[in-house]
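In: okay, predicted coordinates and the sequence, questions at the end:
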Amino acid sequence: MPTINLQTPVEDLTRVGKTIATRLHTLGIQTAQDLLLYFPFRYVDYSKVTTIEHLVSGEPVTVRGVIELIKNRRSFRRHTYVTESLVRDHTGSVKIVWFNQPYLVKILKPGDEVYISGELDGDKDGPQFISPLYEKAKEETIHTARIIPIYPLTKNISQKQLRFLISQVIHLAQDIEEWLPEYLIKKYNLSAVFFAVQNIHFPQSNKVLDSALYRLKFDELLRQQVKVQYNKLQSAHLRARSLATKIEYVKKFVSSLPFTLTKDQKIASWQILQDMEKDIPMNRLMEGDVGSGKTVVAAIAALNCALNRGQAVFMAPTEVLALQHYEKISKLFKDFDVTVALITRTKKIIQGESATKAKAYKKIEQGEVDVVIGTHAIIAEDIRFKEIGLAIIDEQHRFGVEQRKLLIKKSHDIKCTPHFLSMTATPIPRTLSLMLYGDLDISIIREMPSGRKKIITKIVLPQERRDAYEFIRERVAHGEQVFVVCPLIDPTDALGVRSVTEEYEKIQKEIFPEFRAGMLHGKMKPQAKEDAMNDFKVGEIQIMVATSVIEVGVDIPNATIMFIEGAERFGLAQLYQFRGRVGRSDLQSYCFLFMTNFSERANQRLHALLLAKDNFELAKIDMELRGPGDVYGVDQSGFPEFKLAKLTDVAIMQEAHRCAQEILALPQEKYPKLWSVIHEDIRSIHPE
């Protein structure tokens, strides 16, 4: 085999033909270096090697022995091949069983010394290993007798194939250049990068694995933190138009509201207005519990922008929510000389009247529209603004950096950067927010509007379902309304969970035939969605069966019951959002959690929803329960550069945050390698 290096194409590696190369390409693996940087997502510890007489059921172990016999037979009950073997060491013998691997009799022969790794299974057939890992005994093992890496796979690529290929190039880890200066490696107690890459794949011990994981997570978080801190430094050089606080009009607006602002709403409003007065662009994140009144605070900011003759843009993640914001803000601004427009893919409305696309866009470009509310259509289509003074983004994790840059370019006055206000109900602990969004200032609204009652939440067991139905029937008979949330749109036998279409049929025809049910899901046409929501809003529909399309922002004050099917299939933050669709008036509200597949872990998670006082406490519980993984139900989509680091790695993030600040103060000429990496990262977010 010719000499290989980091840039060697995978096609040139041993046992890689065109077919396997194509499969590797689907995993993003093109070169030997890509293989090295394709990290495991978990590990199984088979490093404990024991004798057969000391085997214990259910414990992950490895035994070393000699194959005494191995043969295939057909299982007529299962219509599969069964490979049976007997392995012996000096203390005894144990039976091994593999299914649908008849080729093993050609690989393993009587007399071969092997390692067998797995968990002993003790059933009616006696103690045996079922489908364990196997490997002929040798000095350096890959698949057995060690901590075994488990990788994300694609079709027709096995763990064994991937481990073998990585073992062929693991020596090249020593050629990966170190990008951090030696003094920072020592200061932050980091292992060398080549050592980390080697041992992320084939660690000799858990201690070594921890060291490798720490270094590689630190690198990912550090590079993210450098970008965050760099953005913060750069924003200090940007200029925005100063928008004076029109205090008399703001007071008039606040006094016209049919409710009194909470203390937190007043503080957040003041912080935002103060930021907008500066000639440095505001970049503020407003976190608030579901139903805490973030929209009204955003409306105050939008009104103040409009009174300064600047245009405010309000972007929402869904058409349903954009329409709701439009209706709410139009009503709030009715006593002010402010023109409000709605722009979605299917609707163009100005001040309550439908407009053609050409007319709407012309009015916006000429500055005749003060507040534009809409979806992604605002940035996706050929719309231009006279001068964007303020951009408000609802559920900010759903909009990326690129989309924000597009929005800035749509303003004729490109010398001034708009003030940015992001809003989210996704609960993120404050310390984590400050590090993840270090370029943002943060306002938090914890206090709920007065008169709201705590939502009574209950996990409903299968035997309690009938009683829950009777309770719901009684509440609806009194004029209240119900949301029913299902995980799927259409039924599927594979998953065995309830879908919107079948649940709608069942509720309408069997469970509550005396009431009118409606249906809402993402496959419906926009007009059908709008009609369904309007019917629900005015009370013509009593029970709305929906998917997670109602997760964000839908506001029906008369809806008092949230009924969630397959609750264990949703993330805690999603469940919290669903529950927030009720309890939006002075009526007592309820949330019923129906489990389709019971498990102790799911039960523990759902109980957290019952116990948490607010979404911030829920975030803390969620992090503790989940550990690594999808923490907030957003699949970390805002951080695609994280292969290993998780949002739960707060301690590592704190160190990376500190190191990033230190790095950006270092002279570029003294640390060229470090700065070449930083410049490459910066170009990825500022390609111009």
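Out: Looks like it came in fine.

In: OK, contacts around the residue nearest to Ser354 when sequence neighbours are not counted?
Out: Using Cβ to Cβ, 6 or more residues apart in numbering and skipping residues adjacent in sequence, the residue nearest Ser354 is Lys348, 6.8 Å away. All C-beta atoms are positioned from the backbone trio N, CA, C, and that covers glycine. Going by Cβ atoms under 8 Å, 6 or more residues apart in numbering, Lys348 touches 341-342, 354-357, 359-360.

In: so what sits opposite Lys348 in the bridge?
Out: Ile343 (DSSP bridges).

In: pLDDT wise, what is it at?
Out: Looking at Lys348, its pLDDT reads 92.

In: equivalent analysis for the one 3 residues further on, please.
Out: The predicted local distance difference test score for Gln351 is 92.

In: before we move on, what about Glu368?
Out: For Glu368, the pLDDT comes out at 94.

In: helix, strand, or coil at it?
Out: Of the three states, Glu368 takes coil under DSSP: H, G, I helix; E, B strand; the rest coil.

In: measure it to Leu24 for me?
Out: Separation of Glu368 from Leu24 (Cβ to Cβ, to the nearest Å) stands at 56 Å.

In: who's more crowded, those two?
Out: A direct count of neighbours by other Cβ atoms under 10 Å for Glu368 and Leu24 places Leu24 higher, at 25 against 13.

In: that's a helix at that one, yeah?
Out: Yes - per three-state DSSP, Leu24 lies within a helix segment.

In: quick one: contacts for the closest residue to it other than its chain neighbours?
Out: Nearest non-adjacent residue to Leu24, counting by Cβ to Cβ, 6+ apart: Val10, 5.1 Å away. Contact partners of Val10, counting by Cβ under 8 Å, 6+ apart, are 16, 20-21, 24-25, 29-32, 34-35, 165.

In: repeat that with 7 Å
Out: 16, 21, 24, 29-31, 35 (Cβ atoms under 7 Å, 6 or more residues apart in numbering).

In: repeat for Ser191
Out: Shown in contact with Ser191 (Cβ under 7 Å, 6+ apart): 211-212, 215.

In: need these in TSV (columns: pLDDT, neighbour count and distance to Glu510).
Out: Listed next are these as TSV, based on pLDDT from 0 to 100; neighbours: other Cβ atoms under 10 Å; distance: Cβ to Cβ, whole Å:
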residue	pLDDT	neighbour count	distance to Glu510
Ser211	97	19	59
Ala212	97	23	57
Arg215	97	24	58
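
In: okay, now the unreliable bits of the stretch 501-650 of the chain?
Out: Confidence mapping of the stretch 501-650 of the chain against pLDDT under 70 gives the ranges 551-554, 597-599, 613-641, 647-648.

In: ranges for the helices of the stretch 401-550 of the chain?
Out: Per DSSP state H, counting those that start in this stretch, the stretch 401-550 of the chain carries helices over the ranges 401-409, 430-436, 465-477, 500-506, 526-537.

In: of these, which stretch is the most buried?
Out: Of those, the one with the most neighbours on average (mean count of other Cβ atoms under 10 Å) is helix 500-506, at a mean of 18.

In: one step back: out of the contacts of Ser191, which is nearest to Asp649?
Out: Lowest distance from Asp649 to the contacts of Ser191 (Cβ to Cβ) belongs to Arg215, with 12.5 Å.

In: that closest one contacts Leu190, correct?
Out: Yes - using Cβ atoms under 7 Å, Arg215 is in contact with Leu190, at 4.9 Å.

In: overlap in contacts, those two.
Out: Between them, Arg215 and Leu190 share no contacting residue under Cβ under 7 Å, 6+ apart.

In: picking that back up, how about the contacts of Lys348 in CSV, adding neighbour count, pLDDT and secondary structure?
Out: Shown next, in CSV, are the contacts of Lys348 (neighbours: other Cβ atoms under 10 Å; pLDDT from 0 to 100; DSSP: H, G, I helix; E, B strand; the rest coil):
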residue, neighbour count, pLDDT, secondary structure
Ala341, 24, 95, strand
Leu342, 28, 95, strand
Ser354, 11, 90, strand
Ala355, 19, 91, coil
Thr356, 9, 92, coil
Lys357, 12, 90, helix
Lys359, 12, 93, helix
Ala360, 21, 92, helix
